[in-house]
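Novice: with the sequence up front, the predicted model follows.
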Amino acid sequence: MRNENPQPRDVAQKELREVLASTEALLAALGDQGGEAIDELRSRLTNTISDVKKELGSSFVASAREKIAQARDTVTSVNEFVVEKPWTAVAIAAGVGMLAGLLLKD
């Protein structure tokens, strides 16, 4: 289930994507109109759109890599705990199972 309160970064990325879409629409509306100023604007907008798309893509990949690294660290910590204290791990698992059973009983 998705979080009901989106993170500010997610909201900003969504709004930035909407601005990019509007800018691309403006660029398409300019079409083949000429003039030095329009050609310069078209070039600058195209470069900016490309740069922002690259940045958005890399931030998603970086975020995914960070989450994977955190998950890997958590799994490693849990594994070390279970290897060092197996009976404690069994007792914790039994306690969690019993609590879940009591909660789901009704």
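Specialist: Nice, I can see it.
Novice: all contacts plus neighbour counts: C-alpha atoms, from now on.
Specialist: Fine.
Novice: now residue 13: closest residue in space, sequence neighbours ignored.
Specialist: residue 56 (7.4 Å; CA to CA, 6 or more residues apart in numbering).
Novice: how many neighbouring residues does that neighbour have?
Specialist: 14 (other CA atoms under 10 Å).
Novice: now do the SS call for it.
Specialist: Under DSSP: H, G, I helix; E, B strand; the rest coil, residue 56 falls in the helix class.
Novice: one more: residue 32?
Specialist: coil.
Novice: and the helices in the protein, which stretches?
Specialist: Applying DSSP state H to the chain gives helices spanning 8-30, 36-84, 86-105.
Novice: make a markdown table out of those helices and add mean pLDDT.
Specialist: Compiled in a markdown table, the helices of the chain are given as follows (pLDDT from 0 to 100):
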| stretch | mean pLDDT |
| --- | --- |
| helix 8-30 | 75 |
| helix 36-84 | 79 |
| helix 86-105 | 88 |
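Novice: what about the nearest residue to residue 82 once chain neighbours are set aside, distance to residue 76?
Specialist: Spatially, and ignoring its direct neighbours in sequence, residue 82 is nearest to residue 89 (5.7 Å; CA to CA, 6+ apart). Going from residue 89 to residue 76 by CA to CA, to the nearest Å gives 14 Å.
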